[in-house]
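Asker: Need coordinates for the below:
(one chain, ligands or ions: 1)
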Amino acid sequence: MPIERNFNLTLNQEELLKILGNNFSQLLKKPKFSQIFCEIQSNLFQLFEPQLIWDLFPVKDLTPTGFLLESGVKIGGGPVKEVMGEASKVLLGICTIGPKFDEEINKFTQSGNIFEAVILESIASFLVDQVRETFFSQTQLKIKREGKFNSILLCPGESDWDVSDHKFFFDLLHPEQIGVSLKESMLMIPMKSLSFMIGVRNEPFRLDHKRRCDFCSLQPRCRYSQINNGRNLCT
Ligand code: SF4
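Answerer: Residues are numbered from 1 along each chain as shown. This next block holds a predicted model:
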């Protein structure tokens, strides 16, 4: 099972501030908050331990909600079939930025430093998403070079695709190898971990002009989705 660890991300502060919104930018004009933000940023990459495990799985058949894989696992739900039902293979992946962010956020919360906890939480969410998006961009290029096509990327929990499918992700990928475990609630630990699925085939996908936000049930209240402004966090 391939594991990627080479994610040399830099924190694009301008991009981060756009996503965190105007109120946050206003807050940063106050010297006290600006100093806290700088301190958090300067320690950030001591916490950052990105890892991503992935693999390709051949599709045997369709089910009413998604795919029956050659391995016998049934996976999918919500918009999966509509978005990537034409796939001959699916690429499944799980990524994390490691446990140190959780530990640091807990420390801030327990010591009553709520502003620090909120800032670090937001930055950590941004970073783990960047890990997934970086992998997605690189994978798109690789698939294109092979003369194949990929679907848009979908994630359990971001749409009507139930997060309980994480148990199949774990059966297939064994992300324990990158330090990710699954709680009974189907939440992953470390908290800053994400899962995803991409369809692959020899012809273009019918819905490849769409974006993830078009299928995401979080869209009406998602502060990262800025479709009206022509940009968003997720591709
Ligand atoms: S940016 Fe779009 S896809 Fe990502 S969580 Fe928000 S609405 Fe969903």
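Asker: May I ask you to name the longest strand in the chain?
Answerer: strand 51-62 (DSSP state E).
Asker: Check which residues of that strand are buried.
Answerer: By neighbour count with 16 or more other C-beta atoms under 10 Å, strand 51-62 contains the buried residues Q51, L52, I53, W54, F57, V59. C-betas here are computed from N, CA, C, even on glycine.
Asker: How about stretch 127-142?
Answerer: Buried residues in stretch 127-142 (16+ other C-beta under 10 Å): L127, V128, D129, Q130, V131, R132, E133, T134, F135, F136, T139.
Asker: ok, those vs the ligand, which is closest?
Answerer: D129 (7.8 Å; C-beta to the nearest ligand atom).
Asker: Help me confirm that the closest one is found in a helix?
Answerer: Yes: under DSSP: H, G, I helix; E, B strand; the rest coil, D129 sits within a helix.
Asker: helices or strands up against the strand or helix carrying F37?
Answerer: Assessed by DSSP states H and E, F37 sits inside helix 31-47. Here helix 31-47 touches helix 100-110, helix 114-145, going by 3 or more C-beta pairs under 8 Å, 6 or more residues apart in numbering; DSSP states H and E.
Asker: rank these by pLDDT, which is bottom?
Answerer: Ranked by mean pLDDT, the helices and strands packed on helix 31-47 bottom out at helix 114-145, with a mean of 93.
Asker: any idea how far it is from the chain center?
Answerer: The chain centroid and the centroid of helix 114-145 are separated by 6 Å under C-alpha atoms, centre = their mean, to the nearest Å.
Asker: L153 is in contact with F196, isn't it?
Answerer: Yes: counting by C-beta atoms under 8 Å, L153 touches F196, with 5.0 Å between them.
Asker: joint contacts of these two?
Answerer: Both L153 and F196 are contacted by R132, F136, under the criterion C-beta atoms under 8 Å, 6 or more residues apart in numbering.
Asker: which of the residues in stretch 168-178 are buried?
Answerer: Quick answer for stretch 168-178 (16+ other C-beta under 10 Å): F168, F169, F170, L172, L173, P175, I178.
Asker: Then stretch 145-152?
Answerer: Counting neighbours by 16+ other C-beta under 10 Å, the buried set in stretch 145-152 is F149, N150, S151, I152.
Asker: The buried residues of stretch 168-178 also near the ligand: which ones?
Answerer: With C-beta under 6 Å from any ligand atom as the criterion, these include none near the ligand.
Asker: any weak-confidence spans in the protein?
Answerer: 223-235 (pLDDT under 70).
Asker: again, 80 this time
Answerer: Across the chain, the ranges flagged by pLDDT under 80 are 8-24, 208, 218-235.
Asker: and I97, how far is that from the ligand?
Answerer: Distance of I97 to the ligand, computed by C-beta to the nearest ligand atom, to the nearest Å: 17 Å.
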